[in-house]
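Trainee: Below are the sequence and a predicted model; questions follow.
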Amino acid sequence: MMKPISPTYINVKGRLLDLATPQVMGILNVTPDSFYSGSRMQTEEDIAARARQILDEGASIIDIGAYSSRANAEHISAEEEMGRLRTGLEILNRNHPEAIISVDTFRADVAEECVKDYGVAIINDIAAGEMDHRMFQTVADLGVPYIMMHMQGTPQSMQKEPSYDNLIKDIFLYFARKVQQLRELGVKDIILDPGFGFGKTLEHNYELMAHLEEFHIFELPVLVGVSRKSMIYRLLGGTPQDSLNGTTVLDTVALMKGAHILRVHDVREAVEAVRITEKLKKESGYDK
């Protein structure tokens, strides 16, 4: 089991969120075409019920997204993305004003409106600024924590024969360059997401998981999002609907390798994985 690095805090709207104990981020998709049909929420009743479920099952963060980033997903305009988000964020603010909300977007204008008008606390960018070069400066100006993910290509191209000279080295160099850029702009809270399933083959995904603990060299929080992804059902057979058990297995491996945040569809199971691995750490003396 990975000995945890020193406690890591992020500043969330003036409050420190301690990531020494891993946190669970629940996915709320306000899209009609996310890869896992069980996560698609479009009516006001569905959105409100899903948000309540995420919080009741123990997640500390709700990650709302309105742009489907599955492979070959349809590209939608910023106006359509923001229109979907407004509906969801209004429901969240009305029903759960104290909840920590993250917005899953690669667009700087969308991020800015979500933070300024709806109180979103965290920006979660699948493109690490590559799909909107104003994103880094916008995050710096907003002063919010920033999750940046590694992706080769775009959602429309990422699974067309992804290749690397050296997977881990290439991602390390990518993050090193990006972290330096963000630090020079004054961004304080940076979270790394290695990007499971984004521009990576089945073998790449498992190589990435096998080396996950090495990402602690950056001394930054690490987010892992493998929930019901193809790295599970392409190995085991089946579909996203069949992939809860495989998700929990990989979430547990990630926690044992020191992951700080799990981004999941199934919150209760992830929270249980956190509780069990934290108990193991305590009894093993790893939290001393």
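Mentor: Right, received. Where do you want to start?
Trainee: Work out for me the element residue 92 sits within.
Mentor: Assigned by DSSP states H and E, residue 92 belongs to helix 78-95.
Trainee: Return that helix as CSV; C-alpha atoms alone will do.
Mentor: The C-alpha atoms that make up helix 78-95 are tabulated as CSV, following Å, rounded to 0.1, in the frame of the first residue of the first chain:
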residue,chain,number,x,y,z
ALA,A,78,-20.6,27.0,-25.9
GLU,A,79,-24.2,28.4,-25.9
GLU,A,80,-25.8,25.0,-25.8
GLU,A,81,-23.3,23.8,-23.1
MET,A,82,-24.0,26.8,-21.0
GLY,A,83,-27.7,26.5,-21.5
ARG,A,84,-27.7,23.0,-20.1
LEU,A,85,-25.4,24.0,-17.2
ARG,A,86,-27.6,27.0,-16.2
THR,A,87,-30.6,24.6,-15.7
GLY,A,88,-28.5,22.2,-13.6
LEU,A,89,-26.7,24.8,-11.6
GLU,A,90,-29.9,26.7,-10.7
ILE,A,91,-31.4,23.4,-9.4
LEU,A,92,-28.2,22.7,-7.4
ASN,A,93,-28.1,26.2,-5.9
ARG,A,94,-31.7,26.1,-5.0
ASN,A,95,-31.6,22.7,-3.3
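Trainee: Could you tell me how far that helix lies from the centre of the chain?
Mentor: 19 Å (Cα atoms, centre = their mean, to the nearest Å).
Trainee: got the buried residues for that helix?
Mentor: For helix 78-95, burial by neighbour count (16 or more other Cβ atoms under 10 Å) applies to 81-82, 84-89, 91-92. All C-beta atoms are positioned from the backbone trio N, CA, C, and that covers glycine.
Trainee: now do stretch 212-231
Mentor: 212-213, 215-216, 220-231.
Trainee: same question, stretch 17-36
Mentor: Within stretch 17-36, the residues scored as buried using 16+ other Cβ under 10 Å are 17, 19, 22-31, 34-36.
Trainee: And residue 114, what's its pLDDT?
Mentor: Looking at residue 114, its pLDDT stands at 98.
Trainee: Tell me the secondary structure at it.
Mentor: helix (DSSP: H, G, I helix; E, B strand; the rest coil).
Trainee: Quick check: it touching residue 89?
Mentor: Yes. In this structure residue 114 lies within contact range of residue 89 using Cβ atoms under 8 Å: 6.6 Å.
Trainee: Mind listing the shared neighbours of these two?
Mentor: Common contact partners of residue 114 and residue 89 (Cβ atoms under 8 Å, 6 or more residues apart in numbering): 103, 120.
Trainee: can you tell me the average pLDDT over the helix or strand that contains residue 11?
Mentor: Per DSSP H and E, residue 11 falls inside strand 9-12. Throughout strand 9-12, pLDDT has a mean value of 95.
Trainee: how about low-confidence regions in this protein?
Mentor: Where the chain drops to pLDDT under 70, the residues are 1-7, 33-42, 69-74, 153-161, 286-288.
Trainee: Tell me where it has helices.
Mentor: Remark: helices assigned in the chain by DSSP state H are 44-56, 78-95, 108-118, 135-142, 167-185, 202-210, 230-236, 244-256, 267-284.
Trainee: Go through the ones you listed and name the closest to residue 148.
Mentor: helix 167-185 (6.0 Å; Cβ to Cβ).
Trainee: Can you mark which positions in that closest one are buried?
Mentor: For helix 167-185, by 16+ other Cβ under 10 Å, it's 167-168, 171-172, 174-175, 178-179, 182.
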